[in-house]
Every structure is written in C-alpha cells, then in structure tokens.
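Trainee: Can you look at this prediction? I've put the sequence above it.
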Number of protein chains: 4
Amino acid sequence: MVFTRKVNYYETDRMGVTHHSNYIRFMEEARIYFLEQIGWGYEKMEADGFSSPVTSLSCDYKRTTTFADVIDIEVYVKTISAARLILGYTFRCKDEVVFTAESSHCFFGKDGSILILKKSMPDFYEKLSEMIQK
Amino acid sequence: MVFTRKVNYYETDRMGVTHHSNYIRFMEEARIYFLEQIGWGYEKMEADGFSSPVTSLSCDYKRTTTFADVIDIEVYVKTISAARLILGYTFRCKDEVVFTAESSHCFFGKDGSILILKKSMPDFYEKLSEMIQK
Amino acid sequence: MVFTRKVNYYETDRMGVTHHSNYIRFMEEARIYFLEQIGWGYEKMEADGFSSPVTSLSCDYKRTTTFADVIDIEVYVKTISAARLILGYTFRCKDEVVFTAESSHCFFGKDGSILILKKSMPDFYEKLSEMIQK
Amino acid sequence: MVFTRKVNYYETDRMGVTHHSNYIRFMEEARIYFLEQIGWGYEKMEADGFSSPVTSLSCDYKRTTTFADVIDIEVYVKTISAARLILGYTFRCKDEVVFTAESSHCFFGKDGSILILKKSMPDFYEKLSEMIQK
C-alpha cells in the first residue's frame, strides 16, 4: 500500500534538506492511512476502544529530499504476534529509496490494559497476518 | 518579564533562518512562563479549572534570526477587560528588536463556558490590571 | 482558489485540538499552492531570483478543528502595491469558517535588495492586481 | 554529560502526551550541546568545514512524558570508527528511564566528500575515543 506525500517548505532545515525528524511524522501519516485502508481507521479504533502507541523505531536515512519533493511511502506488515505489530516502511523519491524504517506497536484497551490482539481483535489480527510481506 | 530562548537547529528552514511559524510557538513558551511567574502556572490554572485559548494574533517580522541565536522575549499586558486579555511581546536578539506581536485570549471554565475574569478570578484580574504597560 | 488539507495526528495538542501554531504552516502551504496555480511556482520564483518573506501576519481563531478534519483554505489577494502584497485566507471545515487571516509580503531579489514588483515583475504584478477580491 | 529539557505545550498531542516524533528533536538538541561541551560546537564544525548528518536511528519508548515535564538527557559515545560515530542517549524523567536511543553519524567535508575522522580530525577522534562508555 502506498501513501504519497509532498515535502512542505517548513519541513526543510538550513542544510536545505527535509529535517530528519519529519520522516517520523511522515511514517505516522502513512501508518494511519494504511490502517484506514485495511478497515481500521481512527474512528473504528476509538469505537473499539483501543490505541496502538509506538514502542520502538529504527530507521536508515539513505538520501536527502527537500521542499516540493514527492515521497511515495510503502507500508507493509513485517511481523504480527500476540501482543505486538511491526510495520515496515520504504520511502521512495524519483524512483530511488531515500529512507527505510520499522515501527513496533503494542495495543491498549480503553482501560489502559495491554490487549492480546489475537484474542481481543481476531479479525484485525487475521487481516494483518495475511498481509505479512514475504 | 523576560523569557530567554535559544533557536534550535530543526527550527530553521532552507532559507537558513528561523521559520516564521516557530515564533508563534516561542510566544506560547514565553506566555506560559509569564503566567507562571505571576502565580498562574499551568497546574494552578488546571486546578482552578480554566483554559485561555488564543482567539487572535498579530505580529511583525522585523529581522531574521537563525540557529543558536539567543532571543530575549519580553511579555507584557496590553489590555485586560471583563472577558479578554491582550498580551504584547517584544523579541530581541543581539540588542535589536527582531519581532513584535500581540495575542488575545478569552477564558473558559471547566464546563466550557466563557469566564468573566473580573468576577470569576478577581485576584488574577487585579494582578494583570496592575501590570498593564503604560 | 481553494487548497484542501487534512489535519495530522501530530498537529493536535493535549487540549485535543489542532495546535494554533499549525495554522500558520497551513497558510504557507496554501500560499505556495496559490502562487503555483497563478504561474509563480517555487521553481519559477527561484529562476527569477526572488523570495517573498512574510513581513506581518494577523489572524482570528474562530472554531477549533482536530485530527482528520478536512480544512478548505481559500486564498485571495487583498491588496497589491509597488512593494507589498497582502494575501487573505479563509479556512472552512464542515461548512463553517474556523479561521481567517492575512499575511503581508515584500519581495527580495537575489542580491537581497527589495524589488519594486510593478517594475521588476510587471506580469506577476498585473496578474495579482486582476485577482484582488472585491 | 546531561542536557536538560522541559516539554513544551505544543509538543504534546491529543493523547495528552509528548508526541513521539519530538524525542528525535530533543536528541538533536542534546547532541549539539554534547558536541559543544567537548569543544566541537557548531561554529567550530562550520569553520572546520564539516557536517555530521544522521545516517540511522533506533529508539525505545518506555514511558510517556507530558507538558512541563523536565527530561534529563544523558548523551554518550557508543562506538567511534574511522568513518562512523554512534552516540547513545538515555532520557530520564522523575528518576525513571523514559526513552533510550542511538544515532549513527558519518562526516562530510565542505566539498561533500566523506571524511575519515581519524585522519581528517585526529583531535576530535581522540576526544571521542576517550569518551566511549564502558
């Protein structure tokens, strides 16, 4: 699944390139889009009473981008286990990979307890399992 | 009252200067500091159950600043009326005025109703009235 | 001319609403789009060797917005004089005006001198003059 | 070496906590402070004609923080090799570890070529080597 994003002027820094912290924000935008596309948009997540905070991140900056560059962000499922989801991200600009990353997530219910995805949300778990990128 | 702030690298843009949107954030930092200094810090405001959103802003950009510049932000009371507070801001860097601004605020109670400051918080109203810059 | 923008999760604050500083960034996005639509995109401006920094801003916050809200931003020309352009902005969300603003701009050439728009860029000046909103 | 940072209001999100992307910015603030303290402040780096972009990041979010929380950021050298520096970061708030991270950096000279630190900046290389945390 691909989410497309143009770099804004205010996202550049005095080196003339997109500031590296903004890629973490672009990851969030792409992740929200991805979850929405597979039927778990924000409203549904709230209605189902759960949140999925980032527990860890790792990323590699391969090439710089700058204002007005269009970035295609591919999001995919790396692994899904009882209580943890790992998503992968590949950012491409002008047909070149500029950034790759992973984010880990756990899931909380409305009462703040950790959810066992497989048990609490079997449909969502199934859906994500089918999408694991080989 | 003066609040001092160093410009961060990620607050610059590809023109090599502090992005103009960040001054609005520096104003908030200075305002929170100012309110804290006069005895209305965030915890007290929350305990007293009120919030003071920005209802309007106006500002003049006079000189650019950049990474590592130290900005001295003077905050003062311009006017205070029954339901509205107007604060003024003067940003100085290397002894020159780089930015001036005003922000207007109304006050809400916990139930979302507009507070009449003079009535609901006479101490705070008094304090601000005494501080009006002639 | 209307530029449409969805509010990102990271643009909200702990009040649960879009942080007011982000509207200044949305104004920049809409302005760049507007200039591009009338034939003065960033690349052309750079090729013509000029920049148009914000010299002043004023704005009114009328209603809050939050994550996933879609904002329609109308940009128009308020006044254009020899050396100064004033743009107006109306932000609408769910058919209600949520924010209005103005930004003033001067124009600099590559050598840093102030440009007299009417003389240095008569086509651009003409185009903007025709667009003044009555 | 410890850099101290208070969380700003605009750095929180609608979950009521510091948005996770801001920790990447706090890392940059702490890193710049750290390099300055060991004698490689920004001005010197620029005078010596070099830059040190982030090539990769990894981080773990352990506990949330929010507005007005004071974060103590410990920065240390993890490894230093011919062409690569890895810094470590431990964020503490109220005596608890809230976030840990690593950032990798390469070094570029003014002409954009990769610098071999040991050769091009032996003093800096030596200094960093001595600081490796056992």
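Mentor: It's in.
Trainee: only C-alpha atoms for contact and neighbour calcs from this point on.
Mentor: Noted.
Trainee: so residue A:101 touches residue A:86, yeah?
Mentor: No. Counting by CA atoms under 8 Å, residue A:101 stays clear of residue A:86, with 10.3 Å between them.
Trainee: and the helix-or-strand element of chain A with minimal mean pLDDT with chain D, contact?
Mentor: Ranking every helix and strand in chain A by mean pLDDT, DSSP states H and E puts helix A:42-47 at the bottom, with a mean of 80. No. Helix A:42-47 is not in contact with chain D by CA under 8 Å from any CA of the partner chain; minimum separation 11.7 Å.
Trainee: And residue A:52, how far from residue C:115?
Mentor: 52 Å (CA to CA, to the nearest Å).
Trainee: Looking only at neighbour counts, state which of these two leads.
Mentor: residue C:115 (20 against 16; other CA atoms under 10 Å in any protein chain shown).
Trainee: re the thing from before, any residues touching the least confident helix or strand of chain A, and which ones?
Mentor: Here helix A:42-47 makes contact (CA atoms under 8 Å, 6 or more residues apart in numbering or on different chains) with A:32, A:36, A:51.
Trainee: Helices - which of these land there?
Mentor: Residues of the contacts of helix A:42-47 located in helices (DSSP state H): A:32, A:36.
Trainee: TSV please, covering the contacts of helix A:42-47 and showing pLDDT.
Mentor: Output for these, formatted as TSV (pLDDT from 0 to 100):
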residue	pLDDT
A:32	96
A:36	94
A:51	86
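Trainee: any idea which of the contacts of helix A:42-47 is closest to residue C:6?
Mentor: Comparing the contacts of helix A:42-47 against residue C:6 with CA to CA places residue A:32 closest, at 12.3 Å.
Trainee: That closest one reaches residue A:41, doesn't it?
Mentor: Yes. The pair residue A:32 / residue A:41 is scored as a contact, 7.0 Å apart, by CA under 8 Å.
Trainee: pLDDT weak spots in chain A?
Mentor: For chain A, the stretches flagged by pLDDT under 70 are A:134.
Trainee: how far away is the spatially most central residue of chain A from chain B?
Mentor: Nearest to the geometric centre of chain A sits residue A:31, at 3.1 Å (CA atoms, centre = their mean). According to CA to the nearest CA, to the nearest Å, residue A:31 stands 23 Å off from chain B.
Trainee: just the residues of chain A that are near chain D, which are they?
Mentor: Residues of chain A lying near chain D (CA under 8 Å from any CA): A:20-22, A:24-25, A:54-62.
Trainee: how about the residues you listed, which pair is most distant?
Mentor: A:55 and A:62 (23.3 Å).
Trainee: In terms of neighbours, single out the busier of those two.
Mentor: Comparing residue A:55 with residue A:62 by other CA under 10 Å, the one with more neighbours is residue A:55, at 20 against 15.
Trainee: Report how many residues lie close to residue A:65.
Mentor: Using other CA under 10 Å: residue A:65 sits among 21 other residues.
Trainee: So what does the nearest residue to residue A:85 once chain neighbours are set aside look like in phi/psi?
Mentor: Distance criterion CA to CA, 6 or more residues apart in numbering or on different chains; nearest residue to residue A:85, sequence neighbours excluded, is residue A:105 at 5.2 Å. Dihedral angles of residue A:105 (phi, psi; degrees, to the nearest 10) stand at phi -140, psi 140.
Trainee: and what of residue A:28?
Mentor: The phi/psi pair for residue A:28 (degrees, to the nearest 10) is phi -60, psi -40.
Trainee: cool, residue A:17 as well?
Mentor: Backbone geometry at residue A:17, expressed as degrees, to the nearest 10, gives phi -120, psi 170.
Trainee: Report the separation between the residue lying closest to it once chain neighbours are set aside and residue D:120.
Mentor: Distances taken as CA to CA, 6+ apart put residue A:66 closest to residue A:17, at 4.5 Å, once the chain neighbours are dropped. According to CA to CA, residue A:66 and residue D:120 sit 29 Å apart.
Trainee: who has more neighbours, these two?
Mentor: Neighbour count, other CA under 10 Å: between residue A:66 and residue D:120, residue A:66 has more, with 19 against 14.
Trainee: mind listing the helices for chain A?
Mentor: A:22-37, A:42-47, A:117-120, A:122-130.
Trainee: Quick check: which of these is buried the most?
Mentor: Compared across the helices of chain A, helix A:22-37 shows the largest average neighbour count, a mean of 19 (mean count of other CA atoms under 10 Å in any protein chain shown).
Trainee: got a list of contacts for that one?
Mentor: Residues contacting helix A:22-37 (CA under 8 Å, 6+ apart): A:1-3, A:5, A:11, A:41-42, A:73-75, A:89, C:8-10, D:21.
Trainee: Contact residues of chain A facing chain C?
Mentor: Residues of chain A lying near chain C by CA under 8 Å from any CA: A:8, A:9, A:10, A:25, A:28, A:29.
Trainee: Count the residues that sit near the closest residue to the third one other than its chain neighbours.
Mentor: Nearest non-adjacent residue to residue A:10, counting by CA to CA, 6+ apart: residue B:13, 6.0 Å away. Residue B:13 is surrounded by 25 other residues when neighbours are defined as other CA under 10 Å.
Trainee: how near is residue B:13 to residue B:20?
Mentor: The gap separating residue B:13 from residue B:20 is 9 Å, by CA to CA.
Trainee: Please apply the same query to residue A:46.
Mentor: 35 Å.
Trainee: Out of the contacts of helix A:42-47, flag the one nearest to residue B:94.
Mentor: Nearest to residue B:94 among these: residue A:32, at 43.9 Å, using CA to CA.
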